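Undergrad: pasted the sequence and its predicted model underneath.
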Amino acid sequence: MRVVLSVSGGSGASGDLRRWLTRDPQLRGRLGREAAAEPAAGTMGATAELLPVLLAPGGLTAALAAAVVAWLQNRRGNQTVTIARPDGTQVTVTSERVRGLTAEGAGDLAQRVADALQQGPQATGPATEPDHRPEPTPARDQYRNRE
């Protein structure tokens, strides 16, 4: 299966992700050439860089998902990676959402991303990213109730 990673949020981010992915022996040699995304109507240029990846059946989807989550956790600033399948399935992960994850949380997210990519269209949407809003506290609830 051929997937395309769309990287936005920083100049040269796709090159950094490409170098990160080539460190993984399972993914090395499966990366295509980078290309600029077509600019959206009304914009002055590409908003993302594209990185095609050829995945064989098996654990490569999990390896790709884990590598993307780890890369985002190690980035400064805000980057977004969207992984798109040929059938239109898209999974989006942002550095803001993964930066504070524990190792277990990052592993869970990587597994959910891999599952969404393997299952197809019914698994897309915001459910692929965990909601990390703080748990309500009594003080916070009291403040909300006064509004």
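TA: Arrived safely.
Undergrad: only C-alpha atoms from now on, for both contacts and neighbour counts.
TA: Noted.
Undergrad: three-state assignment of S6?
TA: Under DSSP: H, G, I helix; E, B strand; the rest coil, S6 falls in the strand class.
Undergrad: could you give the bridge partners of it?
TA: For S6, the beta-bridge partners under DSSP bridges are L50, T82.
Undergrad: how close does it get to Q90?
TA: When distance is defined by Cα to Cα, to the nearest Å, S6 is 10 Å away from Q90.
Undergrad: next, show the common contact partners of the two.
TA: Common contacts of S6 and Q90 (Cα atoms under 8 Å, 6 or more residues apart in numbering): 82-84.
Undergrad: let me have those residues in CSV, extended by neighbour count and distance to Q119.
TA: As requested, these are exported to CSV (neighbours: other Cα atoms under 10 Å; distance: Cα to Cα, whole Å):
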residue, neighbour count, distance to Q119
T82, 19, 16
I83, 25, 13
A84, 18, 13
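Undergrad: where does the chain have low pLDDT?
TA: By pLDDT under 70, the weakly predicted segments of the chain are 33-49, 57-58, 120-147.
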